[in-house]
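Asks: Would you be able to build a 3D model of this:
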Amino acid sequence: MPIGDPVYSDEESDLSDYAGPDDDLGFDFNFRTPIGGLTVAVPPDARGGDGALLLRGDVADESAERAKPPRLLREIPAGHDGHGRPQCGRFNRDGTLFAYGCDDGVVQAFHVDTGHRAGVAFAPSPNVPKGVCTALRFLPAGDNANVCVVATSAGVIHHRHLTSGKTLGSPIVEANNGVFALDVRADGATFATAGRDGGVRVYDERTGRCATRLAGGTDAGDDASFSGHADRVFGLRYLDEHADVLVSGGWDNTLRVWDARVADGRSVSTLRGPTVCGDAVDAEPDGTGLDLRVLVASWRDRDAVQVWDLRAGVVSANLPFGACAGQKRGCKPYAARWAPSVGTREGGVAYVGG
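Replies: From the prediction side, this is the model:
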């Protein structure tokens, strides 16, 4: 994800796509600074512990509260394994595996309980364009348990079975595009990508074929050549309760809502305001009945973290963010996630990092 202001770059090398003043270009917010190891802190929702992030936003009353310090569960020496630096990471659906992708395209996974490597490190094929690993998502459990969909800045999409060490099927290559965002539908039937060209592509998971390309705008004067977003897309999310509906955000200061069933591929709604520079668009978790609320974190100082009501097309809450003890400058967010509803705890808690 880009470090620094979202300035467009015409360079086409792997890391120059992310323009800004910081030398560590392409970093996810979790791994911005040089590290000797990868720290995996498991949230209480996934593993049943009592850890929590230091700052937690409660959407119900638009407040931020101090929580208990995070419980360090495992530290993995990712910086000394001969591969690149971590760029993105994800837990599988039941929280037992953690996978991360690196700036050399390598993907690795570890068992959360033991810290042992799951399978082998996946190196990119020499037959496809090289790129930074920019996004990864696990398919739902069942027959696809521990299968991860991985995307790169070179527009290459792979399926990896992390515990067996197998690459599944042939890679998908999006010619003349870099993929910066990826999401899988709740039932695993399709997955979607977005990135450099501003459009959204929806793929059939079973066949690997592009089923729909969503690339049209909704503004007055848009024509058939309009590329959806006017700039790069870094956030993409399916709405769990509305299987064919997605929301995306990027550098062009808009959120766009897409319906894969719309024949002409145009977005069905455009919401102006957010500047998304990372994996910072997330729909209300399934089971709350409120999944038309979308959490969005923008790369800016004011109103950086917001909850948007997609049905009404307005901001329903602004969450405080950015004040860090001991720092002269505020912190701008790169990533945002809703915490799932677990047990007796209701939804409405957001985790944000920058």
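Asks: From T270, how far off is D240?
Replies: 22 Å (Cβ to Cβ, to the nearest Å). (Each C-beta comes from the backbone N, C-alpha and C, glycine too.)
Asks: before we move on, what about R185?
Replies: 22 Å.
Asks: for G101, which residues make a bridge with it?
Replies: C88, V107 (DSSP bridges).
Asks: Next up, the contacts around it.
Replies: P86, Q87, C88, G89, V107, C133, T134, A135, L136, V150, T152 (Cβ atoms under 8 Å, 6 or more residues apart in numbering).
Asks: neighbours of the spatially closest residue to R85 that is not a sequence neighbour, just the number please.
Replies: Using Cβ to Cβ, 6 or more residues apart in numbering and skipping residues adjacent in sequence, the residue nearest R85 is D103, 5.2 Å away. The number of residues packed near D103 is 22, by other Cβ atoms under 10 Å.
Asks: got it, and L292?
Replies: L292 - counted by other Cβ under 10 Å - has 19 other residues nearby.
Asks: picking that back up, next, give phi and psi for the residue nearest to R85.
Replies: phi -70, psi -10 (degrees, to the nearest 10).
Asks: My read is that it contacts K130, right?
Replies: No. With contact defined as Cβ atoms under 8 Å, D103 does not reach K130; the gap is 10.4 Å.
Asks: Let me see the ranges of the helices in this structure.
Replies: 44-47 (DSSP state H).
Asks: Please put the alpha-carbon coordinates of the strand ranked longest in it into CSV.
Replies: Ranked by residue count and defined by DSSP state E, the top strand of the chain is strand 242-250. What follows is strand 242-250, C-alpha atoms only, in CSV (Å, rounded to 0.1, in the frame of the first residue of the first chain):
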residue,chain,number,x,y,z
HIS,A,242,-26.0,-8.8,-0.9
ALA,A,243,-23.9,-11.3,-2.7
ASP,A,244,-23.5,-9.5,-6.0
VAL,A,245,-22.9,-6.0,-4.6
LEU,A,246,-19.4,-4.5,-4.0
VAL,A,247,-18.1,-1.2,-2.8
SER,A,248,-14.7,0.2,-3.8
GLY,A,249,-12.5,3.2,-2.9
GLY,A,250,-9.3,4.7,-4.1
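Asks: Show the average pLDDT along that strand.
Replies: Mean per-residue pLDDT for strand 242-250: 92.
Asks: Equivalent analysis for stretch 258-268, please.
Replies: Rounded mean pLDDT across stretch 258-268 is 86.
Asks: buried sites along that stretch?
Replies: Across stretch 258-268, burial judged by 16 or more other Cβ atoms under 10 Å covers W258, D259, A260, G265, R266, S267.
Asks: Over to stretch 196-214?
Replies: So for stretch 196-214, counting by 16+ other Cβ under 10 Å, buried means R196, D197, G198, G199, V200, R201, V202, Y203, E205, T212, L214.
Asks: Quick check, the third one in contact with A230.
Replies: Read that as G198. Yes. At 6.4 Å, G198 and A230 qualify as touching, with contact defined as Cβ under 8 Å.
Asks: Quick check: neighbours shared by the two?
Replies: Joint contacts of G198 and A230 (Cβ under 8 Å, 6+ apart) are D252.
Asks: now the closest residue in space to A181 that isn't next to it in sequence, which residues is it bridged with?
Replies: Nearest residue to A181, sequence neighbours excluded (Cβ to Cβ, 6+ apart): L236, at 3.8 Å. Per DSSP bridges, the residues bridged to L236 are S248.
Asks: And for V294?
Replies: A283, W308.
Asks: thought R117 was touching F110?
Replies: Yes. Judged on Cβ under 8 Å, R117 makes contact with F110 at a distance of 5.7 Å.
Asks: ok, the two, which is more surrounded?
Replies: F110 (21 against 14).
Asks: Got the confidence number for the more buried one?
Replies: pLDDT at F110 comes out at 87.
Asks: same thing with C148?
Replies: 92.
Asks: Roughly how far does it sit from H116?
Replies: 17 Å.
Asks: repeat for R196
Replies: In terms of Cβ to Cβ, R196 sits 36 Å off from H116.
Asks: again, but for R261
Replies: Taken as Cβ to Cβ, the span from R261 to H116 is 44 Å.
Asks: Could you do A175 as well?
Replies: 38 Å.
Asks: And the two? Which one has more around it.
Replies: Taking other Cβ under 10 Å, A175 and H116 do not tie; H116 has more neighbours (10 against 6).
Asks: Poorly predicted segments of the stretch 1-150 of the chain, please.
Replies: 1-74, 76-82, 143 (pLDDT under 70).
Asks: ok, now with 80
Replies: For the stretch 1-150 of the chain, the stretches with pLDDT under 80 are 1-84, 119-125, 141-145.
Asks: Enumerate the strands of the stretch 201-350 of the chain by residue range, in sequence order.
Replies: Under the criterion DSSP state E, counting those that start in this stretch, the stretch 201-350 of the chain contains strands at 210-214, 233-239, 242-250, 254-259, 269-272, 281-283, 293-297, 305-309, 314-319, 335-338, 349-353.
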